[in-house]
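Student: quick one: sequence plus predicted model below, questions after.
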Amino acid sequence: MGEPSTSPKSAVSRRRFLANVARAAGGVGALSLVVGLFARQAQSLPAQALRPPGAGAESDFLAACIRCGLCVRDCPYPTLGLADVGEDVPVGTPYFVARRAPCEMCDDVPCVKACPTGALDPNLTNIDDADMGLAVLVDEETCLNFQGLRCDVCQRVCPLINEAITLELHHNLRTGKHAVFIPTVHSDKCTGCGKCERSCVLETAAIRVFPRHLAKGRIGEHYRLGWVEKENKGESLIQGIVDLPDRMPDKLGGGLK
Amino acid sequence: MSAKTNPGTDAVTSKGWLAAHKWLLIRRAVQLSILGLFLAGPLFDVWIIKGNLTSSLTLGVLPLSDPFILVQSLLAGHIAAASALIGAAIVLAVYALVGGRSYCSFVCPMNVVTDASRWLAKRLDLPKGWQPARETRLWILASVLVTALITGVMAWEMLNPVTILHRGLVYASSYVWTVALAIFLFDLVVSRRGWCGRLCPMGAFYGLIGSVSLTRVSAQNRTACNDCMDCFAVCPEPHVITPALRGVGTAVGPVILSGDCTNCGRCIDVCAKDVFRFDLRFHNDAPKGERQRGDETVSTDRHAA
């Protein structure tokens, strides 16, 4: 320590020290890259894997969930499970598959209460506010109600019946004289519990729950719906337009005769 | 060194088998009990502890959380709720008392795997293999933390074989054996004591706690050492013994201060001369009457050896 810093010995040791630091930093960088890339790849969640109620966006959830499984233990149904090694879901994180076992929407939300880290948002006290996903009637070609039959099961099992799923009457074009009752999901009410998917009587469900970002479209920010704007304003947006009479032909193709 | 195949033979002769395996037996009992407590719920519906080693709830009141995991979570951008933070504080306090890497030797389920691997390697007389620097685990720890910070997720927890193993055991995962087997084979044929001793960032984290923790192994009776080398042979981190044991006649005290020491107590077991015992890190003055003996017999040439 006492020797002057310019001595060859200390220069060598300084060089070695710097080389070691550079090597270590390189090693840390390389390993971080590998782990980081792996983590990035492993983050994509399959569409049928749904998170428990109160889980936020997937990237936030993977920062907050420490994979202890306490939510799984306090789930009174066989719904929640932890992802096994080799599954598509990040290992050890809780999820459920609606077709196997949906969320039963417990009033006291025991899974959220069990979470020690707040990965499941403790502010979620009313299960009807949960947002685990969004039900979508994905296959109109097989859905029995679309064929004009009265299955109605998805609507009947919905915990928010006539709010999250309603039956909308439409004309039955096949018979020409009957109605079809179209199960219609309302995204502002649907919690994504998956009871509709679970109960769909088809061999493969025609209604399925997807994570909301996969299920929901978004209208462009610039887009304005004229009739909504008109209603908001209470009158036509542009005044003083001369409304010319619509010219209708007397009969089709009449002008060519 | 003598060609003894089984370190601890002298200790068994002088102290009896039970006393020469005391801490090993205690350690296995603790490991099994902890795993048993976690498994009692899912297997027999006796819910004393819920959760796993990353976070658990004992008897519905006592939260315990792994501070290593929570540090990753914090760096990934999530401030954990009170329950997890209190749990981590309790765990930190406990290991600050009993020794940081007591986690490795008394709690971690991977220890049983790597000890089994070491046992078999010894039977088969396999070579040491790849031996990266012991500091490697600290750099891996740094990588783990940097990755959490940059990716914003707990990236390491997608790979961490320790948490995957324990979680897999408690939650009856079908493929958990793959992780155990991978580490077993790595230690067996690639790198002797490679996982726990060189790479595991969790061990490195608890080692940092260990470098300030209260309970330590002390070579209190080091003047009685007859250089049988049995303690070095059984120790998973033999470099930690040297300064304390070989410090006779120097200013270096008898307490093993290195955080790398796992407090497993095997050195206490296998020493026929009862050189080692558990002690507090502050009892680190050279024992009385040591200096004179040190002057004559234990000299510098032993250090050179």
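Tutor: Everything's here; your move.

Student: which bits of the stretch 1-150 of chain A sit near chain B?
Tutor: A:24, A:27-28, A:31-32, A:35-36, A:38-40, A:42-43, A:59-60, A:62-64, A:66-70, A:72-74, A:81-82, A:84-86, A:90-92, A:114-119, A:122 (C-beta under 8 Å from any C-beta of the partner chain). Every C-beta, even on glycine, is put in place using the N, C-alpha and C of the backbone.

Student: now restrict these to buried residues only.
Tutor: A:24, A:27-28, A:31-32, A:35-36, A:38-39, A:42-43, A:60, A:62-64, A:66-70, A:72-74, A:81-82, A:84-85, A:90-92, A:114-119, A:122 (16 or more other C-beta atoms under 10 Å in any protein chain shown).

Student: and those residues, which of them are in helices?
Tutor: Of the positions in those, A:24, A:27-28, A:31-32, A:35-36, A:38-39, A:42, A:60, A:62-64, A:70, A:72-74, A:114 sit in helices, assigned by DSSP state H.

Student: which of the helices or strands spans the nearest residue to residue B:265 once chain neighbours are set aside?
Tutor: Among residues not flanking residue B:265 along the chain, residue B:23 sits closest, at 3.0 Å (C-beta to C-beta, 6 or more residues apart in numbering or on different chains). Here residue B:23 sits within helix B:22-44, counting by DSSP states H and E.

Student: and the next element down the chain from that helix?
Tutor: Heading C-terminal from helix B:22-44 (DSSP H and E), you reach strand B:49-52.

Student: sheet partners, orientation included, of that following strand?
Tutor: Sheet pairing of strand B:49-52 (DSSP bridges) gives strand B:55-58 (antiparallel).

Student: contacts only, for the closest residue to residue B:41 other than its chain neighbours.
Tutor: What sits nearest to residue B:41 in space, not counting adjacent residues and going by C-beta to C-beta, 6+ apart, is residue B:47, at 4.4 Å. When contacts are counted by C-beta atoms under 8 Å, 6 or more residues apart in numbering or on different chains, residue B:47 touches A:73, B:40-41.

Student: tell me the pLDDT of residue B:47.
Tutor: Note on residue B:47: pLDDT of 93.

Student: excluding sequence neighbours, find me the nearest residue to residue A:169.
Tutor: Spatial nearest neighbour of residue A:169, excluding adjacent residues (C-beta to C-beta, 6+ apart): residue A:179 at 5.2 Å.

Student: again, but for residue A:140
Tutor: residue A:146 (4.7 Å).

Student: what's the local residue count around the one you found?
Tutor: Per other C-beta atoms under 10 Å in any protein chain shown, the neighbour tally for residue A:146 reads 19.

Student: ok, now the one 10 residues further on?
Tutor: Using other C-beta under 10 Å, residue A:156 has 15 neighbouring residues.

Student: equivalent analysis for residue B:55, please.
Tutor: 28.

Student: now swap in residue A:76 and tell me
Tutor: Neighbours of residue A:76 under the rule other C-beta under 10 Å: 11.

Student: could you pull up the residues touching it?
Tutor: Contact analysis of residue A:76 by C-beta under 8 Å, 6+ apart lists A:104, A:106, A:110.

Student: list only buried entries from those.
Tutor: Buried among the contacts of residue A:76 by 16+ other C-beta under 10 Å: A:104, A:106.
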